[in-house]
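1. Would you be able to build a 3D model of this:
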Amino acid sequence: FGGFLGFPFSIAFLDEENLLIADPNATDGKARSGLIVLNVRTRQQRTLSLGGNFVSALGCAVAPNRVIYAADPSAFANSRFEEGPGGIVSVDAMTGAQTVISKLGDFCDPISVGVDADGGLIVCDLNGFEGRGAIFRVDAQTGEQSILSAGGIFGDPCSVFIVPHATRHEGGGHDRK
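-> Presented below is the predicted three-dimensional model:
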């Protein structure tokens, strides 16, 4: 089908007709990383946001308010051929404009992101805490990172998935709305 995809790594629903794809090797004629939108009806691809803070965009998620978040373990480098400190970037769904949400702190290699029921970001860090992996919660407004779990029985955690419309009960169980 051609288009902009180089190595599609993560997929999220943008809306009823469009998929959002994080691709560390997306290209528009230049070697760049970022987010591609695929219309599932027409099979047409379009770039949403390439380059900028992205070096190796691997994870993507869409919040109910259509704010897009991307995880990039090498984000914020000075060039495509360097490794940056990695972090989470938000992307405007209409313009593709990027905003830094969180970087540095305890992050090592944030590779996956999800949005929880409260609008917080759940981030999987492949090599957090001495290479054993970690799961963080990031405040989407302030960028503050808090550790949900680290090390233990993790063996290279590589993804998070948030069950949509779940509510948590005091007993620890979940019900679907």
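
2. can you tell me which helix or strand I111 belongs to?
-> Using DSSP states H and E, I111 sits in strand 110-115.

3. in its sheet, what does that strand sit against?
-> According to DSSP bridges, strand 110-115 forms sheet pairs with strand 121-125 (antiparallel).

4. next helix or strand past the strand it pairs with?
-> Next along from strand 121-125, by DSSP H and E: helix 128-131.

5. Go ahead and confirm A140 touches Y69.
-> Yes - the criterion here is Cβ atoms under 8 Å, and A140 meets it with Y69 at 7.4 Å. The way it works is simple: take the backbone N, C-alpha and C, and place the C-beta from them, glycine included.

6. Which one of the two is surrounded by more residues?
-> Higher neighbour count among A140 and Y69: Y69, with 24 against 20, using other Cβ atoms under 10 Å.

7. For the more buried one, list each beta-bridge partner.
-> A61, S90.

8. Please tell me I have it right and it contacts D92.
-> No - in this structure, Y69 is not within contact of D92 by Cβ under 8 Å, at 11.5 Å.

9. What about the residue lying closest to G34 once chain neighbours are set aside, how many residues nearby?
-> Excluding the flanking residues, the one nearest G34 by Cβ to Cβ, 6 or more residues apart in numbering is L50, at 3.6 Å. By other Cβ under 10 Å, 20 other residues sit near L50.

10. what's the distance between L50 and A57?
-> Distance, L50 to A57, using Cβ to Cβ, to the nearest Å: 9 Å.

11. shared neighbours of the two, anything?
-> A26, S33, G34, L35 (Cβ atoms under 8 Å, 6 or more residues apart in numbering).

12. The third one and P64: what is the separation?
-> If you measure G34 against P64 using Cβ to Cβ, the figure is 23 Å.

13. And for the last one?
-> When Cβ to Cβ is the yardstick, L35 and P64 sit 18 Å from each other.

14. These two: which has the busier surroundings?
-> Neighbours per residue (other Cβ under 10 Å) separate L35 from P64, with L35 holding more: 27 against 10.

15. Cool, thanks, talk later.
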